[in-house]
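> with the input below, show me the fold.
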Amino acid sequence: MFPRYEGLRAIEFGTPGEFREELNALIVAGTKTATIGHPHDYISEGEEPETVGERVAVLDSDGRLVTHIVITDIALVPFTEIDDDFARACGEGHRDADHLRAGYTRYWADAGLTVEPDELVYAIRFALSDG
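Residues are numbered from 1 along each chain as shown. All right, here's what the predicted structure looks like:
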C-alpha cells in the first residue's frame, strides 16, 4: 500500500535523499507538473492509479509533508507516446522525450524494473493544491 498522510494517499518522488529533495523542490517551484508511473509500482502495492481531481500529499525523505498536489490528468499510454511537451512538464531538464525515456529507463533499471518501448505507463499531470 502507498503511504498515507492525514487520510490522503501520499507520493514519494524519486529515491530517498538528495534526488527526492530535488524533485520536491521542483514541484514546490511549479517547475515539475508531470511524472510517469510504472504499472509495477501500483500492482506491487495493491493500489489503483490516481484519479483526476485526487488530492495527494507529497512527502520528503523522512515522511514529512512537503506540499499537496492535485491530479489534473492521468492516461495509460505506450512509453513511446510520451512526447516532448510531457518531457518538459516533468521539469527535470529533459531535452526531449527521448532524453526523458532514457532517464526513466535508467531510474527504473536501478530499481530492478524494465520498461519496453511499447509498454504501457501512466502519464500523470498534476498541479499544486491550494490547501
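
> the nearest residue to residue 8 once chain neighbours are set aside: how many residues sit nearby?
Distance criterion C-beta to C-beta, 6 or more residues apart in numbering; nearest residue to residue 8, sequence neighbours excluded, is residue 57 at 4.7 Å. Every C-beta, even on glycine, is put in place using the N, C-alpha and C of the backbone. Neighbour count of residue 57, defined by other C-beta atoms under 10 Å: 21.

> could you check how far the closest residue to residue 110 other than its chain neighbours is from residue 38?
Nearest residue to residue 110, sequence neighbours excluded (C-beta to C-beta, 6+ apart): residue 15, at 8.0 Å. Using C-beta to C-beta, to the nearest Å, residue 15 is found at 14 Å from residue 38.

> what's the longest helix anywhere in the chain in contact with?
Using DSSP state H, we find that the single longest helix of the chain is helix 97-110. Under the contact criterion C-beta atoms under 8 Å, 6 or more residues apart in numbering, helix 97-110 has outside partners 14-15, 36, 38, 79-80, 82-84, 86-87, 90, 92, 94, 114-115, 117.

> buried among those? Need that as a selection in PyMOL.
Applying 16 or more other C-beta atoms under 10 Å to the contacts of helix 97-110, the buried members can be selected in PyMOL as follows:
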select buried, resi 14+36+38+79+82+86+87+90+92+94+115
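
> sorry, back to before: how far does the longest helix of the chain sit from the chain's center?
The chain centre lies 13 Å from the centre of helix 97-110; the measure is C-alpha atoms, centre = their mean, to the nearest Å.

> how about that helix as CSV, C-alpha atoms only?
Extracted C-alpha coordinates of helix 97-110, given in CSV (Å, rounded to 0.1, in the frame of the first residue of the first chain):
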residue,chain,number,x,y,z
ALA,A,97,11.0,12.8,-25.0
ASP,A,98,13.9,10.5,-26.0
HIS,A,99,16.1,12.1,-23.2
LEU,A,100,13.2,11.6,-20.7
ARG,A,101,12.7,8.0,-21.7
ALA,A,102,16.4,7.2,-21.3
GLY,A,103,16.4,8.8,-17.9
TYR,A,104,13.3,6.9,-16.7
THR,A,105,14.6,3.7,-18.2
ARG,A,106,17.9,4.1,-16.1
TYR,A,107,16.0,5.1,-13.0
TRP,A,108,13.7,2.0,-13.3
ALA,A,109,16.6,-0.3,-14.1
ASP,A,110,18.3,0.9,-10.9
